[in-house]
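Undergrad: got a structure for you, letters missing:
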C-alpha cells in the first residue's frame, strides 16, 4: 500500500506527535490532582521516565498511547498497525513495547510499583478514577 501523503507532509505530521503533555496524559494529571494527590512529572532518574511519580509512595504512572506502545487489548481500535511501510513500523513499535517491558522490570527491581494507563482508557473517567484510586491506596 502506498502512503497517501508526500514525504514532506508525512514528516510534518509525525513531527507534531508529542512525547510529553499529551491530551491523555493531561486528562490523567487533572484527574489525579482533583483526587487530592500531588506528584512529580517525568523523573528522568527513573527507568522509562514515568509520566507521574509519587516519590513518598514509591509509585509511578505511565500514560501510554495505544498505537506507539502496542496496547495488547484486541478490542482497542487505536492499536492498529499502519497499512504502509510495515517493514519500518513493525520493528519500531515492537522495540517500543520491549523497551517498556525492560523499564518496568527495572522499576520493580528498584522497589517501585507502577501503573500503565492506556490512551483508550482515558475516555472512561469513572473507570479511570477507580483504577487510579485502587493503585495509589493499595499497601498504604
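TA: Now that the structure is in, tell me what you want to look at. Note that the structure is predicted; figures quoted are calculated from it, not measured. Residues are numbered from 1 along each chain as shown.
Undergrad: ok, longest helix in this structure?
TA: Counting residues, the longest helix in the chain under DSSP state H turns out to be helix 86-109.
Undergrad: roughly how far does residue 28 sit from residue 58?
TA: With distances taken as CB to CB, to the nearest Å, residue 28 is found 19 Å from residue 58. Placement of C-beta: from N, CA and C, glycine included.
Undergrad: more neighbours, these two?
TA: residue 28 (22 against 14; other CB atoms under 10 Å).
Undergrad: residue 62 is in contact with that one, correct?
TA: No: using CB atoms under 8 Å, residue 28 makes no contact with residue 62, being 9.8 Å away.
Undergrad: neighbours of residue 31, how many?
TA: Neighbours of residue 31 (other CB under 10 Å): 16.
Undergrad: ok, it touching residue 125?
TA: Yes: counting by CB under 8 Å, residue 31 does reach residue 125; the two are 7.2 Å apart.
Undergrad: the spatially closest residue to residue 68 that is not a sequence neighbour: what's it in contact with?
TA: Counting by CB to CB, 6 or more residues apart in numbering, residue 96 is the residue found nearest to residue 68 once chain neighbours are left out, at 5.9 Å. By CB atoms under 8 Å, 6 or more residues apart in numbering, the contact set of residue 96 is 68, 69, 70.
Undergrad: likewise for residue 71?
TA: Contacts of residue 71 (CB under 8 Å, 6+ apart): 64, 78, 79, 118, 119, 120.
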